[in-house]
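Undergrad: coords below, sequence missing:
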């Protein structure tokens, strides 16, 4: 099956071309129905193929069933059959052919899919008409998309390769608008992509391949700075790319408990670049508990999927420390889907550091281990009694005490030291099997053992605490470095910094207020200018407040920059106004002088008593004076209207207006023969527009004058009206040189005469005034390329029939 976005993409041509290709390979190919629509290149492909087609685009189903070709070509699957046909719809004919074992190659526009017909109607404002059930289309063995760029399709339409010439302008103004074609193309691409996904899932199921494609979601990937980060980012990007509006965010949790000390700054910088190159965003947040920080960030960003790497810890580490970050995150995730992605470092890399605040399980397990582990070691040494002397046995017990200190701290180590000393005295020191506290030497040895064990445990615990403090300082430095980097990259506005502050501290909201807030759950820092930075939804510990103070300093600088930028903008506005006045004076000095001089000379000649003019000469001088005064009047009106527009003082009288009311008056006011070189299409059939008639007349007159000035001799200006989505469009079409994309906005600036070589044609206010007046009436004025060359100015105004009937509407811009 060949699927296209719209008529004219080449589905019929591709179908017939495929028929020739199959026939050349020996397949029995017959044309059942082909709608060539008078296109010579497509009709030429019918030569050499057997045809069963009947009049009115139908085909003889019974003949096709009797003929039983190897491949039957049937165009336009959605077509309704003529009255009296056995089946009402062509797709029903195709199903009957397939049931008879005949292969069919057919075509379909995406607008005729049942599931998309309402979407297409919303986009194009045109009912879809005949539709085909999606299930019929999905049963096709192969679905091929015939795709053409929208601009290429519009050129085909303009050249008459799709519709008859009399239908071209209407089609280009409605169904074949660039936006419509782009939206239809996207629908076709997405629908075919979904069918490809279905086929892939079926293939995996048939071959026993596990795993599915995730839905299009907002995806967050958690990074530790480890080597697995690149794999996780690419996996998350693929998931996000499946959604039409998929978003990718990467987050690295920095905290002061030792976890961040294992992160590689180089790896994080590389991963940040990778995330941004894939269209995602990178964030750093502070949190004492990694799972909580990850989930807070995900919920704050409305994420529905969280990507984490499987643990790099080995089996022994997992046994000793219990659940890791991934398992804890999964258990707390709630409505967020958590994906644990495996990687090459899973289970055999460096274990993740432990948390600073010991969990309840370790606070209980530490003292318990201090009793149990020395006993178990003593029982083990009993089995090998005689293999080690007393010194070796004592050292093994001392190592056990140090191990308990690493698990449960100094208190647990003290419990282990006392237990080990008692076991050493009772089991291993002579006479054995009894306590020997009465012996001073034995007592001294035991006291020394306990002292050494506790001292070593204290040193180990202190070393761990110092390492955690160093990690805390590193965490703060990394956070501030990320903040400084965001400022360097341009994220220095107040909203940007407030958003980064909220993300970094996993708060519900971050805002600037003029007075302190009375909220026990909020954290606030004074900025120094009477304002306060407030974080809502979380109370920060003292360590995090130091970092928050640094954020507050950056915010204070951003507020000051915003104030200076506002002052600079006001100065630039005044500077622009001064440039406008200078340009106005320079233009008016010439353009006022020319009609004044001509009119003055004509009147002075008429009043002169020294010359006796003939009637013909007198009429010519009067015409010159009249034309000069009219030109001067138009110039002054343009200048006054432009001044009113810029000052916001132009009063409007909006009411239902017909084009016949404004176009003749606009043509009468044009100089020379410009008003006689205009063609019309669709003005009488167009509904009324909501506009101010005198102002709309000015808009139309300026646009026609501009088009006539740039049109080649003998080429009339075309005025065409059409209706789309409750709005009326008036197209002023010329066949002149057109405009480059870079000049399409510049042409609407005052005092611009792009392409004009004659400075006597005006001050360059016509298009600027036309756009200003159109926008004041609630419409738009946009330039488009004329198919075949030239420029089309499109005036879009509200349709009066779509508004509530009543008195004329008055508005002040």
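TA: That came in fine, so what should we check first? Here the structure is a predicted model, which means the values were calculated and not measured. Residues are numbered from 1 along each chain as shown.
Undergrad: by contact count, what packs against the helix or strand where residue 135 lies?
TA: Using DSSP states H and E, residue 135 falls within helix 134-138. If you count contacts as 3 or more C-beta pairs under 8 Å, 6 or more residues apart in numbering; DSSP states H and E, helix 134-138 packs onto helix 90-99. No exception for glycine: its C-beta is placed from N, CA and C like everyone else's.
Undergrad: neighbouring strands - and their directions - for the helix or strand following the helix it packs on?
TA: Tracing the chain past helix 90-99, the next element assigned as helix or strand by DSSP H and E is strand 103-109. Applying DSSP bridges, strand 103-109 is found paired with strand 2-4 (parallel), strand 71-74 (parallel).
Undergrad: avg pLDDT for the shortest one?
TA: The predicted model gives strand 2-4 an average pLDDT of 91.
Undergrad: what's the angle from whatever helix or strand comes next after that strand to strand 103-109?
TA: The helix or strand immediately downstream of strand 2-4 is helix 11-24, counting by DSSP H and E. Angle, helix 11-24 to strand 103-109, by axes from the mean of the first three to the mean of the last three C-alpha atoms, to 10 degrees: 160 degrees.
Undergrad: list the buried residues of helix 11-24.
TA: 11, 12, 13, 14, 15, 16, 18, 19, 22, 23 (16 or more other C-beta atoms under 10 Å).
Undergrad: follow-up on the earlier one: list the helices and strands whatever helix or strand comes next after the helix holding residue 135 packs on?
TA: Following helix 134-138 in sequence order, the next helix or strand is strand 144-146 (DSSP H and E). On a contact count with 3+ C-beta pairs under 8 Å, 6+ apart, strand 144-146 meets strand 2-4, helix 11-24, helix 178-206.
Undergrad: got the ones you listed as JSON lines, with distance to residue 686 columns?
TA: Output for those, formatted as JSON lines (distance: least, C-beta to C-beta, whole Å):
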{"stretch": "strand 2-4", "distance to residue 686": "31"}
{"stretch": "helix 11-24", "distance to residue 686": "33"}
{"stretch": "helix 178-206", "distance to residue 686": "20"}
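Undergrad: end to end on stretch 779-790, go ahead and measure it.
TA: In stretch 779-790, first residue to last residue: 23 Å (C-alpha to C-alpha, to the nearest Å).
Undergrad: do me a favour and average the pLDDT over it.
TA: Average pLDDT, stretch 779-790: 86.
Undergrad: residue 280 - nearest residue in space that isn't next to it in sequence?
TA: Using C-beta to C-beta, 6 or more residues apart in numbering and skipping the chain neighbours, the partner closest in space to residue 280 is residue 248 (3.3 Å).
Undergrad: which of the helices and strands packed on strand 144-146 has the lowest mean pLDDT?
TA: For these, mean pLDDT drops lowest on helix 178-206, to a mean of 79.
Undergrad: next, the angle from it to strand 103-109.
TA: Angle of helix 178-206 versus strand 103-109, following the same axes, to 10 degrees, is 140 degrees.
Undergrad: just the strands in the stretch 401-550 of the chain please.
TA: With DSSP state E, counting those that start in this stretch as the criterion, the stretch 401-550 of the chain has strands at 509-513, 523-526, 532-536.
Undergrad: put together CSV for those strands, with distance to residue 339 on each row.
TA: Converted to CSV, the strands of the stretch 401-550 of the chain look like this (distance: least, C-beta to C-beta, whole Å):
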stretch, distance to residue 339
strand 509-513, 29
strand 523-526, 33
strand 532-536, 30
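Undergrad: so which of these gets nearest residue 730?
TA: strand 509-513 (47.7 Å; C-beta to C-beta).
Undergrad: and the closest one, how far out from the chain middle?
TA: Centroid separation for strand 509-513 versus its chain: 27 Å, with C-alpha atoms, centre = their mean, to the nearest Å.
Undergrad: please apply the same query to stretch 158-174.
TA: On C-alpha atoms, centre = their mean, the centre of stretch 158-174 falls 33 Å from the chain's centre.
Undergrad: ok, stretch 11-19 next?
TA: The answer for stretch 11-19 is 36 Å, by C-alpha atoms, centre = their mean.
Undergrad: helix 178-206 and the helix or strand hosting residue 153, what's the angle between them?
TA: Taking DSSP H and E as the criterion, residue 153 maps to helix 150-158. Angle between the axes of helix 150-158 and helix 178-206 is 120 degrees (criterion: the same axes, to 10 degrees).
Undergrad: got a list of contacts for helix 150-158?
TA: Contact partners of helix 150-158, identified using C-beta atoms under 8 Å, 6 or more residues apart in numbering, comprise 6, 8-9, 148, 162-163, 168, 171-172, 176, 178, 181-182, 185, 787-788.
Undergrad: would you point out the most distant pair within the residues you listed?
TA: The widest separation within these (C-beta to C-beta) is 22.7 Å, between 185 and 788.
Undergrad: higher neighbour count, those two?
TA: Per other C-beta atoms under 10 Å, whichever of residue 185 and residue 788 has more neighbours is residue 185, with 21 against 9.
Undergrad: state the distance from the residue lying closest to the more buried one once chain neighbours are set aside to residue 120.
TA: Spatial nearest neighbour of residue 185, chain neighbours left out: residue 5 (4.4 Å); criterion: C-beta to C-beta, 6+ apart. Distance of residue 5 to residue 120, computed by C-beta to C-beta, to the nearest Å: 10 Å.
Undergrad: between those two, which contacts overlap?
TA: What both residue 5 and residue 120 touch, as defined by C-beta under 8 Å, 6+ apart, is the set 110, 184, 187.
Undergrad: show me where the stretch 201-350 of the chain has strands.
TA: With DSSP E, counting those that start in this stretch as the criterion, the stretch 201-350 of the chain has strands spanning 218-223, 247-254, 281-286, 305-309, 337-341.
Undergrad: quick one on the thing from earlier: please name whichever of the helices and strands packed on strand 144-146 is nearest to residue 711.
TA: The nearest among the helices and strands packed on strand 144-146, by C-beta to C-beta, is helix 178-206 at 23.5 Å.
Undergrad: and the contacts of stretch 43-51?
TA: By C-beta under 8 Å, 6+ apart, the list of residues contacting stretch 43-51 from outside reads 13, 16-17, 19-20, 23, 29-31, 34, 36, 69, 73.
Undergrad: swap the cut-off to 6 Å and go again
TA: Stretch 43-51 is touched from outside by 16, 19, 30, 31, 36, with contacts defined as C-beta atoms under 6 Å, 6 or more residues apart in numbering.
Undergrad: closest to residue 281 out of the residues you listed?
TA: Checking the contacts of stretch 43-51 against residue 281 with C-beta to C-beta, the nearest one is residue 16 at 49.3 Å.
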